Structure formats: structure tokens, C-alpha cells
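Pasting the sequence and the predicted model now:
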Amino acid sequence: MDNNEIDNSESFLNLLKKGDTNAFKIIFDTYYKRLYSFSLNYVEDKYAAEEIVENTLLKLWQKRNQLDKIDNLKSYAMQQTSNIDE
């Protein structure tokens, strides 16, 4: 599965919503570096950037049952990462 398929795949999001840990691992592996780089541009501190990304991905897992209105997973993850004050 390529990144575009993960970004827009309704069936992939459904697996995540059902608690599929393999789906979450794929998301983590696919987006961690990208989200880290994005976050690092905001905070300019590698440890803070790591914490932001880890919190973003943790929230994604914890709120997986509330992902019904997500059309693009990448956009959602980037938006959540940029909400660093929340």
C-alpha cells in the first residue's frame, strides 16, 4: 500500500477504527518522519518535536472511534501536529 492509498483509503481508516494494531503501525511508520520534520519547523527543538508527534499519533489511536469525518489521513495528521498547544 503506498502513501496515497493510506491517505485516502476508507477501508484503511475502517481498520484503524476497529482497533487494528497493524493498521496503526503502518500509519506510524509512514508518517512519523514526515510529521517530525513538520513539527521541528515549528518548535525548532528535536525533543519537543518528537513529543508532539508521539502525542499526535497517540491521540489518533485513542480517538480512532471518532474518525468518521476524515477524508485524508495525511492532512488530518498534519493538522493535528500543527495544533501544538492542545
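Sure, I can see it.

Tell me, please, where in this protein the pLDDT is lower than the cut-off.
1-9, 84-86 (pLDDT under 70).

So which residues of it form helices?
For the chain, the helices defined by DSSP state H cover 3-8, 10-17, 21-43, 46-62, 73-82.

most tightly surrounded among those helices?
helix 73-82 (a mean of 18; mean count of other CB atoms under 10 Å). Every residue, glycine included, has its C-beta placed from N, CA and C.

That helix packs against which elements?
helix 3-8, helix 21-43, helix 46-62 (3 or more CB pairs under 8 Å, 6 or more residues apart in numbering; DSSP states H and E).

orientation of the second one relative to helix 46-62 in degrees?
When axes from the mean of the first three to the mean of the last three CA atoms, to 10 degrees is applied, the directions of helix 21-43 and helix 46-62 differ by 140 degrees.

Of all residues in the chain, which one is nearest the centre?
residue 77 (3.9 Å; CA atoms, centre = their mean).

That one reaches residue 59, doesn't it?
No - applying CB atoms under 8 Å as the test, residue 77 and residue 59 come out as separate, 9.9 Å apart.

Throw the helices and strands packed on helix 73-82 into JSON lines and include distance to residue 73, thanks.
What follows is these, written out as JSON lines (distance: least, CB to CB, whole Å):
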{"stretch": "helix 3-8", "distance to residue 73": "5"}
{"stretch": "helix 21-43", "distance to residue 73": "7"}
{"stretch": "helix 46-62", "distance to residue 73": "9"}
